[in-house]
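Visitor: Based on what follows, work out the 3D shape:
(one chain, ligands or ions: 1)
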Amino acid sequence: MATSYAPRTGLGALSVSIPTPVWLIGTTLLALLAIYFIGIDQGAVSVFGSDMHVHEFVHDGRHFLGFPCH
Ligand SMILES: [Zn+2]
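Guide: Got it, this is the predicted structure:
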């Protein structure tokens, strides 16, 4: 007796459908968080207190993107 395995083709059976507004809102929130942590969080008004950890962590990326800091 021969058995054969024929896997389903295509990713349609496995894909999860996420509505477009959810993508837009999620992408916008992530972009705003990135802009905040890279461009605005400078220690004086940091969400983690008045230290420079976030600023130093993203410092090179900050200069790469053209944000001034010193
Ligand atoms: Zn700098």
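Visitor: going forward, measure contacts between C-alpha atoms and count neighbours the same way
Guide: Will do.
Visitor: residue ranges with poor pLDDT in the protein?
Guide: For the chain, the stretches flagged by pLDDT under 70 are 1, 7-13, 43-44.
Visitor: Just want the most central residue of it.
Guide: Centroid-nearest residue in the chain: Leu30, 5.0 Å away (criterion: C-alpha atoms, centre = their mean).
Visitor: What's the first helix or strand after whichever strand or helix holds Leu32?
Guide: Using DSSP states H and E, Leu32 sits within helix 20-35. Counting by DSSP H and E, the element after helix 20-35 in chain order, helix or strand, is helix 53-57.
Visitor: which residues touch that following helix?
Guide: Identification of contacts with helix 53-57 by C-alpha atoms under 8 Å, 6 or more residues apart in numbering yields Phe37, Ile38, Asp41, Gln42, Gly43.
Visitor: Show me which residues of that helix are buried.
Guide: For helix 53-57, burial by neighbour count (16 or more other C-alpha atoms under 10 Å) applies to Val54, His55.
Visitor: Check stretch 42-61 too.
Guide: By neighbour count on 16+ other C-alpha under 10 Å, the buried set for stretch 42-61 is Gln42, Gly43, Ser46, Val54, His55, Val58, His59.
Visitor: which of those sit farthest apart?
Guide: Distance extremes for those: the farthest pair is Ser46 and His59 at 14.3 Å, using C-alpha to C-alpha.
Visitor: Quick check: chain neighbours aside, which residue is closest to Val47?
Guide: Asp41 (7.5 Å; C-alpha to C-alpha, 6 or more residues apart in numbering).
Visitor: can you give me the end-to-end distance of stretch 58-68?
Guide: Terminal residues of stretch 58-68 are spaced 12 Å apart (C-alpha to C-alpha, to the nearest Å).
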